[in-house]
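S.K.: Generate a structure from the sequence data that follows.
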Amino acid sequence: METKRISLVSKQYTLPFILVTSLFFLWGFAHAILDVLNKHFQEVLNITKTHSAFIQVTMYMGYFIMAIPAGLFINRFGYRKGVVFGLLLYGLGAFLFIPGQYYVSFNAFLFALFVIGCGLTFLETAANPYVTELGAKETAASRLNFAQSFNGLGCICAPILTGLLLFSDDSQPTGNVALPYACMGVVVLLVAIVFMRVKLPEIEHQTEVDSQGHRVGLWSHKLFIFGLIALFAYEVSEISINSFFINYVVEQGWMNARRASLILSFGGLSLFMAGRFIGSWIMQRISAERMLLYCSIGTVLTTTLILCDLGIISLIALLCGYAFEAIMFPTIFALSLRGLGSHTKRASSFLMMSPVGGVVGPLLMGYVADITSSMVMSFIVPWIAYAVVLMYACRIVFGKVRS
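M.R.: As a prediction, this is how the structure comes out:
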């Protein structure tokens with residue numbers, strides 16, 4: 001008897017899915033541009049790796065501070081208004097780079113990044129759970145991975161464009177750092193106008209009650225709590241590695257900063273995007289839980305090879321790690337929201353506090369690199385964080401944890 005394949009997206013939600021998926025590209029671009037800025041500001045302002053890590057710290061603090069307000073806003077006014085407000089904040093932050101460039105002020109750039117981070121919090125708090133609801137629950141993780149693949153496309157484009165603009169062939173910093181942000185601001189505001197003129201259907205949830213008729217609280221869901229911890233750990237790994245990819249490659253003597261930014265795009269981030277597309281396809285055939293387990297084993301092994309400092313093998317392992325980690329955020333996010341019903345929007349806001357790992361990870365990795373004078377040793381930070389994700393995956397696959 002032939003098994004009927006479940007559609008990735010319900011037919012009535014095709015247009016909303018396409019529109020919301022376009023947002024994933026925008027915040028992927030905003031995240032990846034930081035990885036080039038990190039090295040750029042080290043050179044232009046002559047600052048340490050720990051100091052330059054405040055680029056990530058400031059932006060991801062926006063997530064931590066704004067996540068709960070974003071959840072409350074979206075819970076009251078709906079997904080569409082949450083998206084529009086997030087886009088407006090994103091655009092404002094991008095345009096704030098212009099006065100920052102004029103005064104050549106690192107603090108002004110940090111404030112602009114904080115505003116962008118606040119805007120991205122609204123976008124992600126709305127878009128991630130919304131995508132999981134636009135079809136059958138069995139394909140929620142696969143659907144979110146597919147949408148998040150366009151986040152990977154934005155991640156590829158950002159280092160290419162900004163690397164070419166901000167570094168010369170001899171790896172010397174050059175160009176106007178406000179230019180890519182000003183262009184990005186124009187695009188974001190145009191997208192905001194589109195969302196102002198369309199109507200996104202709201203997803204209604206029933207309130208969950210136990211056998212006695214009492215409302216079930218969010219924090220009674222063990223799978224959600226485990227997911228929150230694992231998502232934080234994943235963000236520590238992903239953001240810290242991206243932040244110092246160029247530093248690591250340059251200090252190993254393999255290439256200059258400009259070429260490293262291209263390898264980051266065409267190598268690591270291309271594999272990252274491919275990993276999400278392939279992962280989305282595979283998860284229509286095997287469970288999301290097992291896919292997460294296999295990929296978390298892969299990230300621990302590849303990071304171990306980097307720590308062993310095996311030359312070109314370590315570089316290959318670093319690039320392969322991008323493919324293995326690709327499905328982690330959307331898969332953990334979707335699994336954590338499974339069965340939460342009316343708690344979905346509120347739970348999403350807590351999950352979107354997890355990018356505060358982007359505050360912790362780069363600071364720790366930069367600090368370890370500075371005190372050991374070795375970028376290789378600093379990879380102990382993402383290794384530990386990936387090990388936490390592996391423990392989470394083992395727990396949900398073998399421990400029979402239920403939501």
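S.K.: C-alpha only now, for contacts and for neighbours.
M.R.: Fine.
S.K.: List the buried residues in the host helix or strand of residue 25.
M.R.: Element membership of residue 25, judged by DSSP states H and E, is helix 14-45. Judged by neighbour count using 16 or more other C-alpha atoms under 10 Å, the buried positions of helix 14-45 are 16-17, 20-43.
S.K.: What of stretch 189-201?
M.R.: Neighbour-count burial for stretch 189-201 [16+ other C-alpha under 10 Å]: 189, 191-192, 195, 200.
S.K.: avg pLDDT for that stretch?
M.R.: On average, the pLDDT along stretch 189-201 is 85.
S.K.: pull the CA atoms of that stretch into CSV?
M.R.: C-alpha atoms of stretch 189-201 as CSV (Å, rounded to 0.1, in the frame of the first residue of the first chain):
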residue,chain,number,x,y,z
LEU,A,189,11.8,49.6,4.1
LEU,A,190,10.5,48.6,0.7
VAL,A,191,9.7,45.1,2.1
ALA,A,192,8.0,46.8,5.0
ILE,A,193,5.7,48.6,2.6
VAL,A,194,4.8,45.3,1.0
PHE,A,195,3.8,43.8,4.3
MET,A,196,1.8,46.8,5.2
ARG,A,197,-0.4,46.2,2.2
VAL,A,198,-0.9,42.4,2.5
LYS,A,199,-3.0,40.4,5.0
LEU,A,200,-1.4,37.4,6.7
PRO,A,201,-3.9,34.9,8.1
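S.K.: and that stretch, how far from the chain's centre?
M.R.: Centroid separation for stretch 189-201 versus its chain: 23 Å, with C-alpha atoms, centre = their mean, to the nearest Å.
S.K.: what residues does it touch?
M.R.: If you take C-alpha atoms under 8 Å, 6 or more residues apart in numbering as the criterion, stretch 189-201 is touched by 16, 79-80, 83-84, 87-88, 91.
S.K.: Any chance of those residues in JSON lines with secondary structure as columns?
M.R.: Shown next, in JSON lines, are those (DSSP: H, G, I helix; E, B strand; the rest coil):
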{"residue": "16", "secondary structure": "helix"}
{"residue": "79", "secondary structure": "helix"}
{"residue": "80", "secondary structure": "helix"}
{"residue": "83", "secondary structure": "helix"}
{"residue": "84", "secondary structure": "helix"}
{"residue": "87", "secondary structure": "helix"}
{"residue": "88", "secondary structure": "helix"}
{"residue": "91", "secondary structure": "helix"}
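S.K.: Report the buried members of those residues.
M.R.: Applying 16+ other C-alpha under 10 Å to the contacts of stretch 189-201 flags 16, 79-80, 83-84, 87-88, 91 as buried.
S.K.: ok, which stretches of the stretch 201-350 of the chain are helices?
M.R.: In the stretch 201-350 of the chain, the segments counted as helices under DSSP state H, counting those that start in this stretch are 222-251, 257-263, 270-282, 288-307, 312-325, 328-337, 344-351.
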